[in-house]
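Q: got a predicted model here, sequence first, then my questions.
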Amino acid sequence: MNINISNTSGEPIYVQIVQQIKKLILEGELKQGDALPSMRNLALELRISFMTTKRAYEELERDGFIESYTGKGSFVKATNKELYREEQIKQIESLLAQAGDKARKCGVSIAELHEILDFVTSDDTSE
C-alpha cells in the first residue's frame, strides 16, 4: 500500500492517511477482506507516531471502511453501496464548491455555471 504524507499540506497526517486509504477502497485497489498494514508497521514505514496511525484506523473503522480484530489486524470491510455513494457525493460537493468559488471570483453567473455543468456532464459525443 502506497501512502504519501506531506508535511506542507494543511491537512493533519492522520486525515491524509484516512483520505488515501478511503480512495484506495473506493477505487477498488483495496478490496473486501484485504489486510491493511499493522498500525505499528505503517507508522514505521511512514516515520510517524503510532498514535497517528491508530487515530487514522479508528476513524476508518468509525466511518465503516475497515474492521479491526484484536490480535489479527485491520481489514477492508464489505463495500456498502450507500456508504460508497455518500462518499462520492461528498467529493462532488467539494469539487462543486471549488468551482462555485472560482466562478464567483471570475464573474461567471449561475446560469453560465449551469450551462458549463450541463456541457461537461453531457453524454453527447457527436460534437
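A: Noted; the coordinates are in hand.

Q: tell me who's in contact with the most centrally placed residue in the chain.
A: Most central in the chain under CA atoms, centre = their mean is Gln19, positioned 3.6 Å from the mean C-alpha point. Gln19 makes contact with Glu11, according to CB atoms under 8 Å, 6 or more residues apart in numbering. Glycine gets a C-beta too; all of them are placed from N, C-alpha and C.

Q: need the longest helix for this structure.
A: In the chain, assigned by DSSP state H, the helix with the most residues is helix 81-106.

Q: elements contacting that helix?
A: With contacts taken as 3 or more CB pairs under 8 Å, 6 or more residues apart in numbering; DSSP states H and E, helix 81-106 sits against helix 13-26, helix 110-120.

Q: what pLDDT, on average, does that helix get?
A: Helix 81-106 shows a mean pLDDT of 87.

Q: and it, what's buried?
A: Taking 16 or more other CB atoms under 10 Å as the neighbour-count basis, helix 81-106 is seen to contain the buried residues Leu83, Glu87, Ala103.

Q: swap in stretch 108-124?
A: Applying a neighbour-count criterion of 16+ other CB under 10 Å, the buried positions in stretch 108-124 are Leu113.

Q: go on, stretch 65-75?
A: By neighbour count with 16+ other CB under 10 Å, stretch 65-75 contains the buried residues Phe65, Ile66, Gly73, Ser74, Phe75.

Q: quick check: end-to-end length of that stretch?
A: Separation of the first and last residues of stretch 65-75 by CA to CA, to the nearest Å is 9 Å.

Q: extract the residue ranges of the chain that are flagged as low pLDDT.
A: Counting by pLDDT under 70, the chain shows low-confidence ranges at 80-81, 124-127.

Q: if we can go back for a sec, show me the buried residues of stretch 65-75 that map onto strands.
A: For the buried residues of stretch 65-75, the ones inside strands are Ile66, Gly73, Ser74, Phe75, with DSSP state E as the criterion.

Q: my guess is Gln32 meets Glu67, correct?
A: No - with contact defined as CB atoms under 8 Å, Gln32 and Glu67 do not form a contacting pair (10.2 Å).

Q: can you check which residues contact both of those two?
A: Lys77.

Q: I'm done for today, thanks for sticking with me.
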